[in-house]
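*Asks:* curious how this folds, go ahead:
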Amino acid sequence: MDDQDARQQYSREPTLDDLQQLCRHLNEAGVRYVIIGGFAIILNGFIRTTGDVDLLIDSSPENVARIKKALLYLPDQAVREIAENEVAKYDVVRIADEIIVDLMHKACGVTYKDAGDHIQHHQAADVRIPFLKPSLLLRTKMTMRPKDAEDRFFLEQLLENEKMEGRATSQERSTSTFAAMRFFKNIKKIFLQFWNRKE
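*Replies:* The predicted structure follows:
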């Protein structure tokens, strides 16, 4: 693991373009995956940084083989070091290349199979990207890390606001009770417009 640790020092923070390129290669290879972690949080309107791309995946050897093929586009081809059966053994397998990609068999007990109906797709230019919906994304954030505590608070507020919106009358929708909810929606709208903007 010494080589991987050394390479991780030279990995850079992933951008939206990196995510789009990564998902294009994963889709072309037929990989079964869903985006969780920082990018999924950002998509829902919480603007923060993230140091890696978290993929919740089907950890079967054939799917990991597809991932290995897909990630060969990264310059160091660090994915070659991953064995097809390795992801099923560990909850997280880190690929530290130009960007860091974490392959996750489980995230706080949530598996790819659990994702099922909890996947929402977003279009970024010509790439269709699967993200985990907030309701199940919240379950992947049950750790002691301060960043996960912040994410949990955001997701809990988002889900509560959505619940309130569903119960609200048209008059109530115009009150300050829904200011935060409208703010989150506007941020998400701006984020998606920025992401899809092409010169």
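
*Asks:* mind listing the strands for the chain?
*Replies:* Ranges of strands in the chain, per DSSP state E, are 33-36, 53-57, 92-96, 100-104, 106-107, 110-111, 119-124, 127-132.

*Asks:* now do the first one: everything it contacts.
*Replies:* Residues from elsewhere that reach strand 33-36, judged by CB atoms under 8 Å, 6 or more residues apart in numbering: 19, 23, 26, 43, 53-58, 67, 104, 107, 112, 115, 119, 129-132, 137, 140. Yep, even glycine has a C-beta here, placed from its N, CA and C like the rest.

*Asks:* and it, how far out from the chain's middle?
*Replies:* 5 Å (CA atoms, centre = their mean, to the nearest Å).

*Asks:* any chance of CSV for the strands of the chain, columns mean neighbour count, mean pLDDT and distance to Leu74?
*Replies:* Putting the strands of the chain into CSV (neighbours: other CB atoms under 10 Å; pLDDT from 0 to 100; distance: least, CB to CB, whole Å) gives the following:
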stretch, mean neighbour count, mean pLDDT, distance to Leu74
strand 33-36, 25, 98, 16
strand 53-57, 25, 98, 11
strand 92-96, 20, 96, 8
strand 100-104, 23, 98, 8
strand 106-107, 20, 96, 22
strand 110-111, 19, 96, 25
strand 119-124, 14, 93, 19
strand 127-132, 20, 96, 17
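
*Asks:* make TSV from the ones you listed and add distance to Arg80 to it.
*Replies:* Shown next, in TSV, are the strands of the chain (distance: least, CB to CB, whole Å):
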stretch	distance to Arg80
strand 33-36	19
strand 53-57	17
strand 92-96	10
strand 100-104	13
strand 106-107	24
strand 110-111	25
strand 119-124	27
strand 127-132	24
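
*Asks:* out of the helices and strands in the protein, which is least certain?
*Replies:* Considering only helices and strands, the least confidently modelled element of the chain by mean pLDDT, DSSP states H and E is helix 2-8, at a mean of 48.
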